[in-house]
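> No letters, just coordinates:
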Ligand code: CMC
């Protein structure tokens, strides 16, 4: 971190001594005020629920400029990565900081591919779930359970363990997600086939059956790969911060990633793509495009509790760059599958058009986020709505691991331990039961 010549001075209106706080400059983006000595020197904490103004770490991985609508992985614009690289190149970049050369690419691809199978015993663990369990409930369990199967990669303080856990998680996530899906639909699991691409292999594990040959459609394969790239990392969002906080206790990487999966499930985060498709389905049932106006009135009515899912973002106050790329992919996939007249897609276009022109959305800088389109693409590919967030988790796993490993390798890292403003009862005595 580069210290700035400027310092912040904190003064108090009650005459307590003021305090100088160091300021650090990032390579890009806002400076930060270092408050680490604040409590020691003043006996006061800062108060920032929801982390609206708090940088929880320093990081070299992902940069977002929310006002410009810019997303960089290790300095590379997402638009360039989406066009010139595949998901495994992106994983390499996020994990090691540079794009691979030809040799590194070959080695990394084959390392990942060698770990795609999961311990056969995982099947029996999976069988303990109800067939109608939500895939995210199953995935949280399966990912956490990896720590019970791969004992040689659970020491978070050992760089070799961290490295092998990273490869295993990236390699096995598609297998686990496909297994969770096959279990729900009562079909046999399809083992990975390692001469396929990462995305192609996942498609085959999802959609093939043992009865016939499965041919990977290259347009869909590319679309899926793009979904993976666009979701690979996104700075210190809720699930990534969860992984960092969980991992900061020294727990094993599989347990920390399972915590990330659990956090991602929520509808304000990764669950938004599922919620968005369900919302489109509900409007469709109400009467489709003709009812968009009525639905928008509900969204704008604060008492209704209705939100336009797939719109708005804590950081982006401009068009989410991932949404632009996903919109493009959406057109390609619907064209390839002959679904351009799909009513849900038309409805989504109409909602987007109205929202982009509406004062409510314009004033609040609410733009479509990546989930607005990724749900439509996934549905067109044949992925069931309840599995959308699991696909997001699959793709985000590399980001979680890269962030976790960055934190552990930082010599300044400490267990995360936020403080609080206590507003509950002061100390009091327990009364005997008869007097309460
Ligand atoms: N529909 C209607 N109003 C909205 C929406 C929306 N989708 N999003 C924000 N607002 C309003 C909100 O009511 C508030 O209005 P006011 O100032 O009058 O009180 C204003 O916009 C600011 O919103 P906020 O809730 O303070 O913003 P936030 O940063 O806390 O929330 C968000 C961000 C993503 C949770 C929220 O925009 C949202 O719930 N969106 C829908 C869910 C969604 O699509 N989530 C996916 C995020 S992208 C994928 C990911 O990274 O996980």
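Looks like it came in fine. Owing to the predicted nature of the structure, the values given are computational and were not obtained by experimental measurement.

> so residue 402 sits right up against residue 95, yeah?
Yes: using C-beta atoms under 8 Å, residue 402 is in contact with residue 95, at 5.2 Å. All C-beta spots, glycine's among them, are computed from the backbone N, C-alpha and C.

> more crowded one of those two?
Set residue 402 next to residue 95 and count neighbours by other C-beta atoms under 10 Å: residue 402 wins out with 26 against 21.

> Name the helix or strand for that one, please.
Following DSSP states H and E, one finds residue 402 within helix 388-409.

> phi, psi of residue 217?
The phi/psi pair for residue 217 (degrees, to the nearest 10) reads phi -80, psi 120.

> Give me the buried stretch members for the helix or strand containing residue 329, please.
Under the criterion DSSP H and E, the helix or strand holding residue 329 is helix 321-336. By neighbour count on 16 or more other C-beta atoms under 10 Å, the buried set for helix 321-336 is 321-327, 329-330, 332-334, 336.

> do stretch 352-364 as well
Residues 352, 355, 358, 361 are the ones in stretch 352-364 that count as buried (16+ other C-beta under 10 Å).

> what about the closest residue to the ligand within the stretch 201-350 of the chain, neighbour count?
In the stretch 201-350 of the chain, the residue that lies nearest the ligand is residue 312 (2.4 Å; C-beta to the nearest ligand atom). The number of residues packed near residue 312 is 20, by other C-beta under 10 Å.

> which one's the longest strand in this structure?
strand 2-10 (DSSP state E).

> Beyond that strand, next helix or strand please.
Beyond strand 2-10 toward the C-terminal end (DSSP H and E), the next one is strand 19-25.

> re the thing from before, quick one: which of the buried residues of stretch 352-364 is nearest the ligand?
Distances from the ligand to these, taken by C-beta to the nearest ligand atom, are shortest for residue 361, at 7.5 Å.

> Please identify the helix or strand for that closest one.
Per DSSP H and E: helix 359-363 holds residue 361.

> thinking again about what came up before, and of the buried residues of stretch 352-364, the nearest to residue 427?
Taking C-beta to C-beta as the measure, residue 427 sits nearest to residue 361 out of the buried residues of stretch 352-364, at 48.9 Å.

> show me the contacts for that closest one.
308, 311, 355, 367 (C-beta atoms under 8 Å, 6 or more residues apart in numbering).

> Give me the subset of those residues lying in helices.
Among the contacts of residue 361, the members falling in helices (DSSP state H) are residue 355.

> Just the contacts of residue 361: which are in strands?
Going by DSSP E, the strands hold none of the contacts of residue 361.

> that older thread, surely the residue of the stretch 201-350 of the chain closest to the ligand touches residue 366?
Yes: under the criterion of C-beta under 8 Å, residue 312 is in contact with residue 366, at a separation of 4.4 Å.

> rewinding a little: wondering if the next helix or strand after the helix holding residue 361 reaches the ligand at all.
Using DSSP H and E, the next helix or strand after helix 359-363 towards the C-terminus is helix 370-381. Yes: judged by C-beta under 6 Å from any ligand atom, helix 370-381 comes into contact with the ligand through 370-371.

> now helix 370-381 and helix 321-336, what's the angle there?
Calculated by axes from the mean of the first three to the mean of the last three C-alpha atoms, to 10 degrees, helix 370-381 forms an angle of 20 degrees with helix 321-336.

> Which residues are in contact with the spatially closest residue to residue 22 that is not a sequence neighbour?
Nearest residue to residue 22 in three dimensions, chain neighbours excluded: residue 34, at 4.5 Å (C-beta to C-beta, 6 or more residues apart in numbering). Contacts for residue 34 (C-beta under 8 Å, 6+ apart) come out as 21-24.

> In this structure residue 233 contacts residue 398, no?
Yes: Residue 233 lies in contact with residue 398 (C-beta under 8 Å); the separation is 7.0 Å.

> Overlap in contacts, those two.
Contacts common to residue 233 and residue 398, judged by C-beta under 8 Å, 6+ apart, are residue 94.

> Mutual contacts of residue 402 and residue 95, please.
residue 166.

> what's the burial count for the residue in the stretch 1-150 of the chain positioned nearest to the ligand?
Nearest residue of the stretch 1-150 of the chain to the ligand (C-beta to the nearest ligand atom) works out as residue 50 at 6.9 Å. Number of residues near residue 50 (other C-beta under 10 Å) recorded here: 8.

> what about it, which SS state?
helix (DSSP: H, G, I helix; E, B strand; the rest coil).

> how close does it sit to residue 389?
Counting by C-beta to C-beta, to the nearest Å, the separation of residue 50 from residue 389 is 22 Å.

> part of a strand, is residue 190?
No: with three-state DSSP as the criterion, residue 190 is coil rather than part of a strand.

> hang on, it packs against residue 203?
No: Residue 190 is not in contact with residue 203 according to C-beta under 8 Å; the separation is 10.2 Å.

> And these two? Which one has more around it.
residue 203 (23 against 19).

> Show the pLDDT at that one.
For residue 203, the model assigns a pLDDT of 97.

> Let me see the contact set for it.
Per C-beta under 8 Å, 6+ apart, neighbours of residue 203: 214, 216-217, 220-221, 224.

> What ranges does the stretch 1-150 of the chain have for its strands?
2-10, 19-25, 32-33, 62-65, 70-73, 76-77 (DSSP state E, counting those that start in this stretch).

> among the ones you listed, which is nearest residue 418?
strand 32-33 (16.7 Å).

> For residue 426, report the pLDDT, please.
Residue 426 carries a pLDDT value of 97.

> Now do the contacts for it.
With C-beta under 8 Å, 6+ apart, residue 426 has no contacts at all.

> got a list of what residue 275 touches?
267, 309-310.

> Equivalent analysis for residue 100, please.
Contacts of residue 100 by C-beta under 8 Å, 6+ apart are 89, 92-93, 108.

> ok, now how distant is it from residue 400?
Taking C-beta to C-beta, one finds residue 100 at 20 Å from residue 400.

> Kindly report the same for residue 110.
23 Å.

> out of these two, which sits in the busier spot?
Taking other C-beta under 10 Å, residue 110 and residue 400 do not tie; residue 400 has more neighbours (30 against 10).

> residues in contact with the more buried one?
239-240, 243, 256-257, 260.

> Just the ones of those residues in helices?
239-240, 243, 256-257, 260.

> Turn those residues into CSV, including distance to the ligand, pLDDT and neighbour count.
As requested, those are exported to CSV (distance: C-beta to the nearest ligand atom, whole Å; pLDDT from 0 to 100; neighbours: other C-beta atoms under 10 Å):
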residue, distance to the ligand, pLDDT, neighbour count
239, 8, 97, 26
240, 10, 98, 26
243, 14, 98, 28
256, 18, 97, 29
257, 16, 97, 30
260, 12, 98, 30
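
> quick one on the thing from earlier: how about the contacts of residue 203 in TSV, adding neighbour count?
Conversion of these to TSV gives the following (neighbours: other C-beta atoms under 10 Å):
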residue	neighbour count
214	15
216	19
217	16
220	21
221	21
224	30
